[in-house]
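Chemist: can't give you the sequence, but here's the structure:
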């Protein structure tokens, strides 16, 4: 069996390659430019949120206090009157892209560690490029591409936005599988 330590190079390089691919998909290509819309009456909504001292967190509106209250006639009227939604509020200040990019790289590295772990359990040193690509690529696609689907199911994110992230995840999975196939340790 291949030791996990023997896979440090494909782990590291696949995370680097995914980071580069994600940079291209998000900064060079126009795929994600329509992911968010500007809130109508943004200035007024932001002022109202400031007055209420809305802090960092995830909010639902209208928000029942319990599952029992969710089905009351009063709550049903609030749902019908709308709007109904979810809001994620971040910390005040400009977005910290440096921190987010470091966390994204660490996330990609973590996925690559799990890909390596599953690959080493499923494959031997005699596995060829195609088999390594199929196994590790499939695991990576599962990790990257399917993670965002619950956002459309539960949080109302548009399916078109989710499908763009699924596409991204398939690209990242293929990049990861290709890297592992290329650098998989050969038997002696």
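Modeler: It's in. Please read these numbers as outputs of a predicted model, since none were measured by experiment.
Chemist: And the chain, what are its domain boundaries?
Modeler: 4-33+95-183, 42-89 (automatic domain parsing).
Chemist: now those in CSV, with mean neighbour count?
Modeler: Glycine gets a C-beta too; all of them are placed from N, C-alpha and C. Compiled in CSV, the domains of the chain are given as follows (neighbours: other CB atoms under 10 Å):
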stretch, mean neighbour count
domain 4-33+95-183, 17
domain 42-89, 11
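Chemist: Save those domains as CSV, and put in mean pLDDT too.
Modeler: Below are these laid out as CSV (pLDDT from 0 to 100):
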stretch, mean pLDDT
domain 4-33+95-183, 96
domain 42-89, 94
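Chemist: Report the separation between residue 88 and residue 64.
Modeler: 19 Å (CB to CB, to the nearest Å).
Chemist: With residue 157 instead?
Modeler: 21 Å.
Chemist: So the nearest residue to residue 155 once chain neighbours are set aside: helix, strand or coil?
Modeler: Closest residue to residue 155 apart from its sequence neighbours, by CB to CB, 6 or more residues apart in numbering: residue 86 at 4.8 Å. Assigned by DSSP: H, G, I helix; E, B strand; the rest coil, the conformation of residue 86 is strand.
Chemist: Report the beta-bridge partner residues of residue 86.
Modeler: residue 60 (DSSP bridges).
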